[in-house]
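> next one to model:
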Amino acid sequence: MMRTSFAALTAAAILWAAPTMAQEAHSVKRVFKQGETDRYQTTIKFEQSPTEAVMVTTEVTREVKADGVAVVATTVDSIVLKARDTEMPFPGGSGQVVLTTYDPNGKPVKQETLGGKGNIGQLLNIARPNIRVDKPLKVGDTVEEDVPLGSDGKLKAHVTISLTAIDRKGAELPSDCLRYKIVSETKAPAGEGATRSEIVARVSMSDGKLISAEGTMEGIPMPGGGTTRVTYKVVRKTEPPAK
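Prediction:
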């Protein structure tokens, strides 16, 4: 009898807690800790080609300064190109290190690529949403903002961020997560070269770390002219790096 009552009370508590958390306002901020290490697998597929890039990276927070500025080093452990039944290494990709500096609010303010060939940083940026919301949101809330781009700030992206759900820790999630939908639209000054991205991202409620992300990006300029569309998926890996 006591076991039955306890089970009933537990179930009732869970059912009560879920809507309560949804009704609360939640904020997200990346909290950096010096020496922390995280690994991610990123898969990027290109619409106009059967090719996909699969990249495994390790992120280490090298420094957290007294004023809250953080420096994160992202090392490309491996990156391969897959097409149909073939697989080949991405030329000059493995071993590159991307150094990113974040301001005290978690905004990336500087990035440089060390070693290797090509700019892996640009490839990483496609699939690395940086979620910063100035005010707490309840599930179902949406905020919109025009974000200046580039050094002169003339180009702007119209960004819409919605808190769509709270996902509880489980087999697929290492921690309780806030789930966001982010839509960004950018138009060139002359109205040409518009780009649009749509992302669903999960970030840890405790420290703002990216746990997973899936999205699409349209209107990406191609070297030979024209634009393309890419889809991507990012998953935080929990197993230690191979020795």
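
> can you give me the strands in the protein?
Assigned by DSSP state E, the strands in the chain fall at 37-46, 51-64, 70-83, 86-89, 97-102, 108-114, 142-149, 155-167, 177-186, 195-204, 210-221, 227-237.

> what about stretch 44-61, average pLDDT?
Here stretch 44-61 scores 89 as its mean pLDDT.

> give the buried residues for it.
Buried positions in stretch 44-61, judged by neighbour count with 16 or more other Cβ atoms under 10 Å: I44, K45, F46, E52, A53, V54, M55, V56, T57, T58, E59, T61. (C-beta placed from N, C-alpha, C; glycine too.)

> also stretch 196-216?
196-197, 199-205, 208-215.

> include distance to I131 when you put the strands of the chain into a markdown table, please.
What follows is these, written out as a markdown table (distance: least, Cβ to Cβ, whole Å):
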| stretch | distance to I131 |
| --- | --- |
| strand 37-46 | 15 |
| strand 51-64 | 16 |
| strand 70-83 | 15 |
| strand 86-89 | 32 |
| strand 97-102 | 13 |
| strand 108-114 | 12 |
| strand 142-149 | 11 |
| strand 155-167 | 7 |
| strand 177-186 | 6 |
| strand 195-204 | 6 |
| strand 210-221 | 8 |
| strand 227-237 | 13 |
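
> out of these, which gets nearest to E24?
Comparison of these against E24 by Cβ to Cβ identifies strand 155-167 as nearest, at 9.0 Å.

> and the closest one, how far from the chain's centre?
Centre-to-centre, strand 155-167 and its host chain are 12 Å apart (Cα atoms, centre = their mean, to the nearest Å).

> please identify the buried residues of it?
Going by neighbour count (16+ other Cβ under 10 Å), the buried part of strand 155-167 is K156, A157, V159, I161, S162, L163, T164, A165, I166, D167.

> next one: stretch 122-135
Neighbour-count burial for stretch 122-135, counted by 16+ other Cβ under 10 Å, picks out L123, L124, I126, A127, R128, P129, I131, R132, V133.

> surely the fifth one and G215 touch.
Looking back up the chat, that one is R128. No. Using Cβ atoms under 8 Å, R128 is not in contact with G215, being 10.4 Å away.

> quick one on the thing from earlier: looking at the buried residues of stretch 44-61, which is nearest D103?
Among the buried residues of stretch 44-61, T61 lies closest to D103 (Cβ to Cβ), at 14.4 Å.

> list the contacts of that closest one.
T61 sits next to F32, K33, Q34, G35, E36, T37, A70, V71, V72 when contact means Cβ atoms under 8 Å, 6 or more residues apart in numbering.

> now with 7 Å?
By Cβ atoms under 7 Å, 6 or more residues apart in numbering, T61 lies in contact with F32, K33, Q34, G35, E36, A70, V72.

> over to F32?
Residues counted as contacts of F32 (Cβ under 7 Å, 6+ apart) are T61, V64, A70, Y102.

> related to what we said a few turns ago, Serialize the buried residues of strand 155-167 to CSV and add fields for pLDDT and distance to V235.
Putting the buried residues of strand 155-167 into CSV (pLDDT from 0 to 100; distance: Cβ to Cβ, whole Å) gives the following:
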residue, pLDDT, distance to V235
K156, 81, 31
A157, 84, 25
V159, 90, 24
I161, 93, 21
S162, 95, 22
L163, 96, 21
T164, 96, 19
A165, 96, 18
I166, 95, 19
D167, 95, 14
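
> adding distance to T113, write the residues you listed out as JSON lines.
What follows is the buried residues of strand 155-167, written out as JSON lines (distance: Cβ to Cβ, whole Å):
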{"residue": "K156", "distance to T113": "26"}
{"residue": "A157", "distance to T113": "23"}
{"residue": "V159", "distance to T113": "25"}
{"residue": "I161", "distance to T113": "28"}
{"residue": "S162", "distance to T113": "32"}
{"residue": "L163", "distance to T113": "33"}
{"residue": "T164", "distance to T113": "33"}
{"residue": "A165", "distance to T113": "35"}
{"residue": "I166", "distance to T113": "36"}
{"residue": "D167", "distance to T113": "33"}
